[in-house]
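**Q** Build me a model from this:
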Amino acid sequence: MSTLHEIATRQYTEHYASMNPTLDAERMPKRFYRNMELMYGPLVNRLGPGQAVADIGCGAGFLLRWLKDKPGLRSFGVDASAGQVAFARRAAPHAEIVCTDALSFLRNTQRRFGGLFCVDMLEHLETDQEVFDLLSAVRDALESGGFFICRVPNAAHVLGSYSRYIDITHHRGFTAPSLRQAFAAVGFEDIGIIPAQSSIWLGKLRLRLEHMFHRALFLLGGFPQENTFSQNIVISGLKP
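**A** I've put the predicted structure just below:
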């Protein structure tokens, strides 16, 4: 018999569709994918033909849809929600997408990946040990020198609490320092925050104003060392 948590997890797609009906990757504005290119392109474009890239917790398949335009790469996706997998398969018919939990996928695959993505998933893990287990499995599944890019809601953002509690299956929040700490603990190297970017002037202005507001707030609060204020944190690390 399913627990209420398992039921809520299965209904993940319906929950977000009620707030944002645009789950069709083909209908997303072109700037959405241009922003991915600005932020993720520098690492992805270093991969050679035939190398494998996977999106762990691929959701509706937006990132896999963007990867379709990267010739020669083999794309894979995994998500525990059957509803999300159905969306992802329509968005990225070129990719191999499976419905299972990320840890099982990473531990059971014999494939080595040149790059792995994990977008908006770590906040769903309940314990520190689950976070470390997943990050360790990611590290082990990468080729030597392979990259891992992870995105989570930013608890340092003024709307961080809203992001944390918008979904009952969210269990934790992260800041840039805590995410760096987790990456370092499992052995990633060249760890760095990927700054939020926009391909349009209005988006660039919003990001600039957002940064200025949070910078002033943190200076007043006595935390001058913090410098990552975007609504989401995007971090990268390399396998030694």
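
**Q** Excluding chain neighbours, what is closest to the most centrally placed residue in the chain?
**A** Closest to where the C-alpha atoms of the chain average out (CA atoms, centre = their mean) is Val119, at 1.4 Å. Nearest non-adjacent residue to Val119, counting by CB to CB, 6 or more residues apart in numbering: Arg151, 4.6 Å away. Just so you know, the C-beta spots here come from the backbone N, C-alpha and C atoms, and that holds for glycine as well.

**Q** for Met36, same thing?
**A** In space, and not counting its chain neighbours, Met36 is closest to Trp66: 4.7 Å by CB to CB, 6+ apart.

**Q** now the chain, which segments are flagged as low pLDDT?
**A** Low-confidence segments of the chain (pLDDT under 70): 1-25.

**Q** Would you mind identifying the next helix or strand past the host helix or strand of Glu210?
**A** Element membership for Glu210, per DSSP states H and E: helix 201-221. Downstream of helix 201-221, the first helix or strand assigned by DSSP H and E is strand 232-238.

**Q** all strands of this protein, in order?
**A** 52-56, 74-79, 96-99, 113-119, 142-153, 189-193, 232-238 (DSSP state E).

**Q** right, and these - which one's nearest Arg215?
**A** Taking CB to CB, strand 189-193 is the member of these nearest to Arg215, at 14.9 Å.

**Q** So which bits of that closest one are buried?
**A** By neighbour count with 16 or more other CB atoms under 10 Å, strand 189-193 contains the buried residues Ile191.

**Q** what comes into contact with it?
**A** Residues outside strand 189-193 that contact it (CB atoms under 8 Å, 6 or more residues apart in numbering): 176, 180, 183-184, 228, 233-240.

**Q** sorry, back to before: can you redo the strands of the chain as CSV with distance to Leu38?
**A** Below are the strands of the chain laid out as CSV (distance: least, CB to CB, whole Å):
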stretch, distance to Leu38
strand 52-56, 18
strand 74-79, 20
strand 96-99, 25
strand 113-119, 15
strand 142-153, 13
strand 189-193, 14
strand 232-238, 11
